[in-house]
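[1] I would like the atomic coordinates for the input below:
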Amino acid sequence: MRKNHTPTLYVLLLIWIGFNPSYTIAQSKFPSEMGLLLGVSNYAGDIVKKQDFDPKASNLSIGAYYRWYYNTNLSFRFGINQSSLKGDDNNFIGTDRIARGFSFKTPLTEISARVEYDFLNHNRRRGGNTFTKFVSPFFHVGAGVTFINPKNDFNLEKNSAMSSLIAEDINNRITNFFTVPFGGGIRYDLSEQLLIGVEVGLNAVFTDYLDGISLSAEPEYGDWYAIGGISLSYRLNSIFAKHLLR
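    Numbering: from 1, shown residues only. Sure, this is the predicted structure:
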């Protein structure tokens, strides 16, 4: 089996950015936030029909994040998501997937740093000290590292003709990779301190081994995964920089 070296440099860089003393709350001109994300994960790859996301393959996902604002609209978000992925050919009755009978499952841990742009955040306190609840859309893009440990059932009794390709897939199995998450959502103020949001993000992973399978299936297509759900954020600066946003 091919060894995979943990991308320690990426992890240390993300940790350093997130906890660098130069980015402390006291030094920020704008409020920072901490939050939780509860949602679902899904995957598109070799064990789905036509590279689509399969609703039957959804899994629970939880996450935590810290958001630091550069100004009223632009922020940097550092977070971790914990989830799992799965896929099963037996979900596709009436297709050639049943004859093949592949399946997989893997835990997933994602550590990422993202740039976010909130289009209307500046309207929450504008022209005075009175706070105004607001609905605002946002988008994000970033970079991260994802850790997996795929377990595969290649159904060798049915697929003996592909034994050499399956053996090569097993040898090429990976446990970590670089990822580029991107997506967006909307947020709404429950109060001056609390925000609730709905968001979804896609993750480009630049590998066809997210599910542990490639040569024995469809090596011409890469894999993807998605995480989306409901977020709850708490503003750490309750004053919300009143005098700076006039």
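[2] just the helices in the chain please.
    8-19, 97-100, 163-171 (DSSP state H).
[3] Quick check: Tyr209 touching Asn176?
    No - applying Cβ atoms under 8 Å, one finds Tyr209 not in contact with Asn176, separated by 10.9 Å. No exception for glycine: its C-beta is placed from N, CA and C like everyone else's.
[4] If you count surrounding residues, which of these two has more?
    Tyr209 (24 against 17; other Cβ atoms under 10 Å).
[5] Under the pLDDT cut-off, which ranges of the chain? List them.
    Counting by pLDDT under 70, the chain contains low-confidence ranges at 1-29, 49-51, 127-129, 237-246.
[6] Identify the bridge partners of Ala64.
    According to DSSP bridges, the residues that bridge with Ala64 are Leu36, Ile80.
[7] Would you check how far apart it and Asn81 are?
    Distance of Ala64 to Asn81, computed by Cβ to Cβ, to the nearest Å: 8 Å.
[8] Gly185 too?
    As defined by Cβ to Cβ, Gly185 lies at a distance of 14 Å from Asn81.
[9] These two - which one has more neighbours?
    When Gly185 and Asn81 are compared on other Cβ under 10 Å, the one with more neighbours turns out to be Asn81, at 24 against 19.
[10] quick one: the strands in this protein?
    Per DSSP state E, the chain has strands spanning 33-44, 59-69, 74-88, 103-118, 135-148, 151-153, 176-189, 194-204, 224-235. These are given in chain order.
[11] among those strands, which is nearest Arg124?
    Set against Arg124 and scored by Cβ to Cβ, these come closest in strand 176-189, at 6.8 Å.
[12] And that closest one, how far out from the chain middle?
    Centre-to-centre, strand 176-189 and its host chain are 6 Å apart (Cα atoms, centre = their mean, to the nearest Å).
[13] Ok, stretch 75-91 next?
    With Cα atoms, centre = their mean as the basis, the distance from the averaged C-alpha position of stretch 75-91 to the chain average is 6 Å.
[14] mind listing what's buried in that stretch?
    The neighbour-count criterion (16 or more other Cβ atoms under 10 Å) identifies 75-81, 83-89, 91 as the buried residues of stretch 75-91.
[15] Identify the farthest-apart pair in the residues you listed.
    Longest distance between any two of the buried residues of stretch 75-91 is 41.7 Å, between Ser75 and Asp89; criterion Cβ to Cβ.
[16] coming back round to it: which residues are in contact with both of Ala64 and Asn81?
    Both Ala64 and Asn81 are in contact with Leu37, where contact means Cβ atoms under 8 Å, 6 or more residues apart in numbering.
[17] now the strands of the chain in a markdown table, with distance to Phe53?
    Written out in a markdown table, the entries for the strands of the chain read as follows (distance: least, Cβ to Cβ, whole Å):
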| stretch | distance to Phe53 |
| --- | --- |
| strand 33-44 | 5 |
| strand 59-69 | 12 |
| strand 74-88 | 10 |
| strand 103-118 | 15 |
| strand 135-148 | 17 |
| strand 151-153 | 20 |
| strand 176-189 | 14 |
| strand 194-204 | 10 |
| strand 224-235 | 7 |
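[18] Determine which of the ones you listed approaches Ser164 most closely.
    Across those, Ser164 has its closest neighbour in strand 151-153 (15.7 Å, Cβ to Cβ).
[19] Show me how far that closest one is from its chain's centre.
    Here strand 151-153 shows a centroid-to-chain-centroid distance of 23 Å under the convention Cα atoms, centre = their mean.
[20] again with stretch 59-72
    Taking the mean of its C-alpha atoms, stretch 59-72 sits 11 Å from the chain's own mean (Cα atoms, centre = their mean).
[21] Buried residues in it, which are they?
    Residues of stretch 59-72 classed as buried: 59, 61, 63, 65-69, 72 (neighbour count, 16+ other Cβ under 10 Å).
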